[in-house]
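Engineer: Predicted model and sequence follow; I will ask about them next.
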Amino acid sequence: LLKPGRKDILLFDGIFWLILGMPLVWFFHHGIMDMESLETFFIVLIRGVNGVFNALVANVLVAVLPFQTYRGSPGDVRGKPLHEMLFNLIVAAVLLPALIVTILNSRHEEQQAVDETLSRLQQASKEFVAYLSNWHDQHLGAVQGIAKGATLSGMVTSEELEQYIELIMSAYPDIQNVNLADASGVVFGIFPPVSERGEPSIGPVFPELIQREKLLGTKQSATFETFIGKEEKSIPLVIISVPVLEGEQLIGYALGAVGPGQLQQFLLPKENGGLEITLVNTQNQVIGSSNQERKARSSYNPRKTGVT
C-alpha cells in the first residue's frame, strides 16, 4: 500500500468506509436523527457495501479503459497484472450478491418497521377513542343527573338544586358551567351562581354559542363543540345538552360546558407513549393536542403535516 506509484482505489476506499465512513453514517442516523439501531445497521451496511462496490467499478474501469492513451503517453501503457484482475473479479463476486441481499433485507426490515408503526398507531387510536367515549359517557351521565334534579325542582332554581348541582360539579371538575334553559331556549339559571371573585356569575349563555335550532324541540341528548375567548386564547368547550322532561312534555334543557382538562392530561406524551395526538372537531379545528405548538381553534390539515 505504501509503495511509490501504487494506486489501489479499492483498498483505500474499503479502509475509508471501515474506519471513517460507516461510523459517521451510524453517528448521523442513530445519534442525530435518533433512528432505531436495527434500521441504522442496515443503512450503514448498504452505504458501506455500495461505497466499496462503486470503488470496485472505478477500479475495473481504470484497469480496462486505456486512460494512458488518452493522456498522450502510449509508451507508458502496460497491461494490468493478472492477480489484480482476478482480485477485482473475486471482490465483485462477493460484493454484488451482498449488495443485492442487503437491499432486499433492508426493504423487508423497512416494511416491517412501517407495519409495526401502523399497528402501534392503530392501537393507540383505539385506546384514545375508548378513553374519549368513556370520558363523554361519564359527563353525559353527570348532566343527565342535573336534568333529573331540575325535573324534581320543577325547573325552578332553589338552594337545594344549587347544592345538588355543586355536588355533581365537584365530582366532575371538567364541568365548568351549567345552564338551565326553558323549552324556548331562554336561560334562567347559571351555575355556579357566584364567580371565584365572589361576584354574581355571568357565565356563557350556551344556547347563544351553539346552533339554537339544533337544540330546540329535541327530546334527545346532544353534544356540541364550541370555543370561547379570543383567537389566540380560545378555550375549547364541549357542551352537553340533556332535555328536561315532565312525563312526555319537554319543559327545558340542562346544558353542561365541559372543558378539556382530563383530555389534555391524556394527550401528554408521557401518558400516550410519546405519540403525537391531535383532537379536532368536525371543522378540523384543534380542540387539544400533545403538540404544544398547535393552539386551540387553529386549523389542522393532516395532508400538510406529513401524514402518510
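Structural biologist: Structure's in. What do you need?
Engineer: Show me where the stretch 1-150 of the chain dips below the pLDDT cut-off.
Structural biologist: When residues are selected by pLDDT under 70, those of the stretch 1-150 of the chain lie in 1-8, 62-85, 88, 106, 109-110.
Engineer: let's go with 50 and repeat that
Structural biologist: 1-6, 72-73, 75-77 (pLDDT under 50).
Engineer: Okay, now the sheet partners of the helix or strand harbouring Ile190, with direction.
Structural biologist: For Ile190, the host element (DSSP states H and E) is strand 187-191. If you go by DSSP bridges, strand 187-191 pairs up with strand 175-182 (antiparallel).
Engineer: what mean pLDDT would you report for the strand holding Ile190?
Structural biologist: The pLDDT scores in strand 187-191 average 83.
Engineer: Buried residues, it. List them.
Structural biologist: Using 16 or more other C-beta atoms under 10 Å as the test for burial, strand 187-191 gives 187, 189-191. Yep, even glycine has a C-beta here, placed from its N, CA and C like the rest.
Engineer: now stretch 146-159
Structural biologist: Buried, per 16+ other C-beta under 10 Å, within stretch 146-159: 146-147, 149-151, 153, 155, 157.
Engineer: what do you get for stretch 157-176?
Structural biologist: By 16+ other C-beta under 10 Å, the buried positions in stretch 157-176 come out as 157, 161-162, 164-165, 168-169, 172, 174-176.
Engineer: Now the element after whichever strand or helix holds Ser241, going C-ward?
Structural biologist: Counting by DSSP H and E, the element that carries Ser241 is strand 235-246. Under the assignment DSSP H and E, the closest C-terminal helix or strand after strand 235-246 is strand 249-258.
Engineer: Run through who's touching that next one.
Structural biologist: 139, 142-144, 146-147, 150-151, 155, 172, 174-183, 185, 204, 206-207, 215, 217, 219, 237-245 (C-beta atoms under 8 Å, 6 or more residues apart in numbering).
Engineer: mind checking how far the following helix or strand past that strand is from the chain centre?
Structural biologist: The element immediately downstream of strand 249-258 (helix or strand, assigned by DSSP H and E) is helix 261-267. With C-alpha atoms, centre = their mean, to the nearest Å as the basis, helix 261-267 stands 15 Å off its chain's centre.
Engineer: Which strands or helices does helix 261-267 pack on?
Structural biologist: helix 82-152, strand 286-289 (3 or more C-beta pairs under 8 Å, 6 or more residues apart in numbering; DSSP states H and E).
Engineer: Which members of the buried residues of stretch 157-176 are the farthest-apart pair?
Structural biologist: Between any two of the buried residues of stretch 157-176, the greatest separation by C-beta to C-beta is 23.0 Å, found for Thr157 and Asp174.
Engineer: Touching stretch 98-106 from outside, list them.
Structural biologist: So stretch 98-106 is contacted by 42-43, 45-46, 49-50, 53 (C-beta under 8 Å, 6+ apart).
Engineer: Closest to Leu11 out of the residues you listed?
Structural biologist: Phe53 (14.2 Å).
Engineer: tell me the secondary structure for the closest one?
Structural biologist: helix (DSSP: H, G, I helix; E, B strand; the rest coil).
Engineer: ok, it - contacts?
Structural biologist: By C-beta under 8 Å, 6+ apart, the contact list for Phe53 reads 95-96, 99.
Engineer: Fine, thanks again, bye for now.
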